[in-house]
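Asks: Generate coordinates for the sequence data below:
(one chain, ligands or ions: 2)
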Amino acid sequence: MTRPLLGCIADDFTGATDLANNLVRNGMRTVQTIGVPQDDAAPVQADAIVVALKSRTIAPTDAVAQSLEALRWLQAQGVQQIYFKYCSTFDSTAEGNIGPVTDALLDALDSRFTIACPAFPENQRTVFKGHLFVGDQLLSDSGMRNHPLTPMGDANLVRVMQQQTRRKVGLVAYDVVAQGPDVIRARFAALQAEGVQIAVLDAISNADLQHIGPALTGMPLVTAGSGIAIGLPQNWQITNAAADGLPSATGLRAIVSGSCSVATNGQVLRFQLSGRPSFAIDPLALARGDDVVAQALAWAAPLLQDGPVLVYATAEPEAVKAVQAQLGVAAAGELVEHALAAIARSLVDAGVRQLVVAGGETSGAVVQALGITQMVIGPQIEPGVPWTSARSGENTLHLALKSGNFGSPDFFTQAFAQLHE
Ligand SMILES: Nc1ncnc2c1ncn2[C@@H]1O[C@H](COP(=O)(O)OP(=O)(O)OP(=O)(O)O)[C@@H](O)[C@H]1O
Ligand SMILES: O=C(O)[C@@H](O)C(=O)CO
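Replies: Ligands and ions are numbered 1, 2, ... in the order given. Got it, this is the predicted structure:
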């Protein structure tokens, strides 16, 4: 029997598969659960467990409560280390939820020190002198400054984190990280002597992540994006080459996209330009009560044999703002998520077994509508996005949950080519 070593709490669903992907690629057999499993669920046989929550933008007290519930369940599984996964763009507000959840987990673990590091160099997220870069831009100059729910107007992570926590925040800067684990550990000790309990870490390459990993051995809580996971499996001497096996893919192919990020807008356009069929969801038609779900399915039915087909609500920022002005931000989001989730379920009823979903909130809604409770992580499609397999009722599905900002322009056309049938 395999005892899980690493227990992870992810604050959204695409972020959870992103983390699980990095663990699998580095040899850890990983199971992803949707929400906290019921008490009577069978013990998980894996090296790592990722509990996917939808807690990024909910009220801080709810995010804390859900994260503590996940912690208790992971502790009951016997894990040795807890990993709180947030976005590589540190998506949060002045209230949280990264700070409050970190504080609550440290308290519950009776621990006095952890790190904070969203670096994911393979996806162009780097941290230098405590500042987060997205590609060549500071976080605060990137598209994230206009995010509707978690606008990021400050790239200085020590300052951002300090606003959200009652603990003292410090920095382990690049010159230390570059010197390897022993020097990093010595800096942790020096910071603790100064009363620091949360250390932001610089990292600009995978080599840095490999330096950081061993310095985290035995630390009860790690808080990070998915990048830090790249350096952790070596701490348990795990090199499980068969970590990414999935069953053969079957059935029809579709994409459901509710992400309005720059990357997803480009991917939708590229899919359309390649001549593949697509169906746009109009949120105002949904609000009028039109049966858009039935219309989408009637459109898709004759096309599915020659799929993939794309059903999308993805739109440019001006169009989204216009809809939000009429319906309200939260109501528009929920309406579209609901519709896309119902469409995904109907597509599966119609025989779709290979499904790409774009957007974290959208993925959450779709996965819940499909009644999925666990996902097996398979091979990586592109950095941060693996194929997974999951049971939905009687069916086995292949699912790819794509974070809004991840993936090359050809992602929607390329993803299916990587599945073997
Ligand atoms: N045309 C639209 N008008 C208004 N809201 C929309 C529209 N299309 C999608 N939405 C909503 O926008 C939100 C997009 O969030 P989602 O998390 O799915 O994507 P994302 O933020 O790009 O992804 P990620 O969280 O992975 O970065 C959802 O709530 C979705 O329902
Ligand atoms: O870390 C990231 O950027 C992603 O896994 C994510 O969380 C997007 O929602």
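Asks: residue ranges of the helices in this structure, please?
Replies: 13-25, 60-76, 98-108, 157-164, 174-177, 181-193, 206-215, 262-273, 283-288, 292-300, 317-327, 329-349, 360-369, 411-417 (DSSP state H).
Asks: looking at the ones you listed, which is buried most?
Replies: Mean neighbour count, computed with mean count of other Cβ atoms under 10 Å, is highest for helix 13-25 among those, reaching a mean of 29. Any C-beta I mention is one placed from the backbone N, CA and C, and that applies to glycine too.
Asks: would you turn the helices of the chain into TSV with distance to ligand 1?
Replies: As requested, the helices of the chain are exported to TSV (distance: least, Cβ to the nearest ligand atom, whole Å):
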stretch	distance to ligand 1
helix 13-25	4
helix 60-76	15
helix 98-108	15
helix 157-164	18
helix 174-177	27
helix 181-193	30
helix 206-215	21
helix 262-273	6
helix 283-288	5
helix 292-300	12
helix 317-327	4
helix 329-349	3
helix 360-369	3
helix 411-417	13
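Asks: looking at the ones you listed, which is closest to residue 42?
Replies: Nearest of those to residue 42, taken as Cβ to Cβ: helix 60-76 at 12.9 Å.
Asks: per-residue confidence at the residue of the chain most remote from its centre?
Replies: The outermost residue of the chain relative to its centre, with distances by Cα atoms, centre = their mean, is residue 193 at 33.9 Å. Here the pLDDT value assigned to residue 193 is 98.
Asks: Then residue 321?
Replies: Looking at residue 321 specifically, the model assigns a pLDDT of 89.
Asks: Quick check: beta-bridge partners of the nearest residue to residue 157 once chain neighbours are set aside?
Replies: Leaving aside its sequence neighbours, residue 157 sits nearest to residue 200 (Cβ to Cβ, 6 or more residues apart in numbering; 4.7 Å). Beta bridges link residue 200 to residue 116, residue 171, judged by DSSP bridges.
Asks: show me where pLDDT drops low in the stretch 201-350 of the chain?
Replies: Residue ranges of the stretch 201-350 of the chain with pLDDT under 70: 240-244.
Asks: who are the neighbours in contact with the residue of it found nearest ligand 2?
Replies: Residue of the stretch 201-350 of the chain nearest ligand 2, by Cβ to the nearest ligand atom: residue 225 (4.5 Å). Each residue near residue 225 by Cβ atoms under 8 Å, 6 or more residues apart in numbering is listed here: 85, 86, 87, 88, 90, 117, 118, 119, 120, 125.
Asks: residues in the stretch 301-421 of the chain within reach of ligand 2, list them.
Replies: When proximity is defined by Cβ under 6 Å from any ligand atom, the stretch 301-421 of the chain lies next to ligand 2 at 360, 384, 403.
Asks: CSV please, covering those and showing pLDDT.
Replies: Shown next, in CSV, are these (pLDDT from 0 to 100):
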residue, pLDDT
360, 91
384, 95
403, 94
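Asks: so how many other residues sit close to residue 138?
Replies: A total of 16 residues lie near residue 138 under the criterion other Cβ atoms under 10 Å.
Asks: Just give the nearest non-adjacent residue to it, would you?
Replies: Leaving aside its chain neighbours, residue 138 sits nearest to residue 155 (4.0 Å; criterion: Cβ to Cβ, 6+ apart).
Asks: For the one you found, report the pLDDT, please.
Replies: Here, the pLDDT recorded for residue 155 equals 97.
Asks: follow-up on the earlier one: what values do phi and psi take at the residue of the stretch 201-350 of the chain closest to ligand 2?
Replies: Backbone torsions for residue 225, taken as degrees, to the nearest 10, come to phi -70, psi -160.
Asks: quick one: it from ligand 1, how far?
Replies: Residue 225 is 12 Å from ligand 1, where distance means Cβ to the nearest ligand atom, to the nearest Å.
Asks: just residue 44 next, same as before
Replies: Distance, residue 44 to ligand 1, by Cβ to the nearest ligand atom: 25 Å.
Asks: Let me know how buried that residue is, in neighbour terms.
Replies: By other Cβ under 10 Å, 23 other residues sit near residue 44.
Asks: quick one: it and residue 77 touch, right?
Replies: Yes: Residue 44 is within contact range of residue 77, at 6.0 Å (criterion: Cβ atoms under 8 Å).
Asks: How about residue 163, nearest residue that isn't a chain neighbour?
Replies: Excluding the flanking residues, the one nearest residue 163 by Cβ to Cβ, 6+ apart is residue 94, at 5.2 Å.
Asks: so that neighbour touches residue 162, yeah?
Replies: No: between residue 94 and residue 162 there is no contact, the gap being 10.7 Å when judged by Cβ under 8 Å.
Asks: which ones are touching the residue in the stretch 251-400 of the chain that ligand 1 sits nearest to?
Replies: In the stretch 251-400 of the chain, the residue that lies nearest ligand 1 is residue 359 (2.3 Å; Cβ to the nearest ligand atom). Counting by Cβ under 8 Å, 6+ apart, residue 359 makes contact with 14, 257, 258, 259, 260, 261, 264, 402, 403, 404.
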